[in-house]
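Visitor: sequence-free structure coming up:
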Ligand SMILES: Nc1ncnc2c1ncn2[C@@H]1O[C@H](COP(=O)(O)OP(=O)(O)OP(=O)(O)O)[C@@H](O)[C@H]1O
Ligand SMILES: Cc1ncc(CO)c(N)n1
């Protein structure tokens, strides 16, 4: 069995963050572990408060896992403070996990900042170069690249810019583009691939980005190549969005289909 670690924030409503990651890991039949970077008070309507975990406790959690257990892949989500980003980058240098998927979380769907403004530079300089694959949405890619992204051509330009900054591969997600499509663009510095996706008309998209990056890390750990891993992860999140759960009064979470136990006997 593959062992996966998520380094991310907790979402009390269970739709995004650590909770989404562990559900996606379970659905992919891998063993999930977690390092919590922040506790958010959050529901389907938005985020009301954030308490960051200290860099020392983040490092201690990472060391506790790696000193005892083989880690086949790491997924990194919300890390809001510069000092926490630095601690994680140092720990990655020390433990050298073979696969690191970085979802550069910046702002929640409801508009709450999950990355402190002064930490954006550290994310670009310290975490981005550790990424086997970086998975920015359009506003995140805009912050990283410093230009606005409105067309598919802009998405391709952003992907090239992010490779130039040191990520080994990048998936620029088109979920925030206007129109009928939710196409994503994968680029590894040599080959570019468009992954077609139809936009599903729904309110219930809480946790799409977290789910996609965790599915991706699982697929890569299981030995799929980049294109296979992204194709399968996009299919997983699309099904999850199609069956989004009308929970609470705001944006309900994507569904995770955990059917593995039926085949376990
Ligand atoms: N309404 C939709 N219909 C179909 N696919 C979608 C829709 N919204 C997003 N996606 C897809 O979901 C995946 C996650 O992308 P998205 O842009 O939503 O991430 P995100 O903004 O980082 O999410 P989060 O807010 O959870 O951080 C991408 O593959 C994207 O194309
Ligand atoms: C903890 C957490 N991580 C990531 C997201 C994605 O937006 C969120 N809403 N909450």
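Guide: On my side now, so go ahead. Bear in mind that the values here come from a model prediction, so they are computed numbers and not experimental data. Ligands and ions are numbered 1, 2, ... in the order given.
Visitor: got the residues of the stretch 151-265 of the chain near ligand 2?
Guide: Within the stretch 151-265 of the chain, the positions adjacent to ligand 2 are 209, 210 by C-beta under 6 Å from any ligand atom. The way it works is simple: take the backbone N, C-alpha and C, and place the C-beta from them, glycine included.
Visitor: and the strands in the stretch 151-265 of the chain?
Guide: For the stretch 151-265 of the chain, the strands defined by DSSP state E, counting those that start in this stretch occupy 170-172, 184-187, 192-195.
Visitor: so what's the residue count around residue 121?
Guide: 11 (other C-beta atoms under 10 Å).
Visitor: again with residue 56
Guide: 10.
Visitor: wait, is it part of a helix?
Guide: Yes. The assignment for residue 56 is a helix, going by DSSP: H, G, I helix; E, B strand; the rest coil.
Visitor: per-residue confidence for it?
Guide: Residue 56 carries a pLDDT value of 98.
Visitor: grab the nearest non-local neighbour of the residue in the stretch 51-200 of the chain positioned nearest to ligand 1.
Guide: Residue of the stretch 51-200 of the chain nearest ligand 1, by C-beta to the nearest ligand atom: residue 175 (2.5 Å). Nearest non-adjacent residue to residue 175, counting by C-beta to C-beta, 6 or more residues apart in numbering: residue 182, 5.2 Å away.
Visitor: same check, this time on residue 1
Guide: residue 31 (5.5 Å).
Visitor: can I assume the one you found is in contact with residue 22?
Guide: No. Between residue 31 and residue 22 there is no contact under C-beta atoms under 8 Å: 10.1 Å.
Visitor: residue 44 against residue 249, yeah?
Guide: Yes. Contact criterion C-beta under 8 Å: residue 44 and residue 249 qualify, at 6.4 Å.
Visitor: these two: which has the busier surroundings?
Guide: Just comparing residue 44 and residue 249: by other C-beta under 10 Å the higher neighbour count belongs to residue 44, 21 against 9.
Visitor: let me see the backbone angles for the more buried one.
Guide: Here is the backbone geometry of residue 44 (degrees, to the nearest 10): phi -70, psi -10.
Visitor: got a list of what it touches?
Guide: 13, 15, 206, 247, 248, 249, 250, 251, 252, 253 (C-beta atoms under 8 Å, 6 or more residues apart in numbering).
Visitor: for the first one, give me its contacts.
Guide: So that's residue 13. Residue 13 touches 42, 43, 44, 206, 247, 248, 253, counting by C-beta under 8 Å, 6+ apart.
Visitor: now the helices: where do they sit in this protein?
Guide: 17-27, 55-66, 82-95, 120-122, 138-145, 152-164, 208-221, 226-242 (DSSP state H).
Visitor: can you point out the buried residues in the longest one?
Guide: Which is helix 226-242. Residues 226, 229, 230, 231, 232, 233, 234, 236, 237, 238, 240, 241 are the ones in helix 226-242 that count as buried (16 or more other C-beta atoms under 10 Å).
Visitor: tell me the angle that helix makes with helix 208-221.
Guide: Inter-element angle recorded for helix 226-242 and helix 208-221: 140 degrees (by axes from the mean of the first three to the mean of the last three C-alpha atoms, to 10 degrees).
Visitor: check the fifth one too.
Guide: Using the same axes, to 10 degrees, the direction of helix 138-145 lies 70 degrees away from that of helix 208-221.
Visitor: check the third one too.
Guide: Taking the same axes, to 10 degrees, helix 82-95 and helix 208-221 form an angle of 10 degrees between their directions.
Visitor: now helix 82-95: average pLDDT?
Guide: Helix 82-95 comes out at a mean pLDDT of 98.
Visitor: pull the residues that contact that helix.
Guide: 7, 37-38, 52-53, 55-56, 58-59, 62-63, 66, 71, 74, 76, 79, 100, 116, 118-119, 121-123, 126-127, 130.
Visitor: touching, residue 217 and residue 97? I think so.
Guide: No. Counting by C-beta under 8 Å, residue 97 is not a contact partner of residue 217; they are 10.0 Å apart.
Visitor: so which of these two has more stuff around it?
Guide: residue 217 (34 against 19).
Visitor: what sits against the more buried one?
Guide: Contacts of residue 217 by C-beta under 8 Å, 6+ apart are 4, 73, 74, 75, 99, 101.
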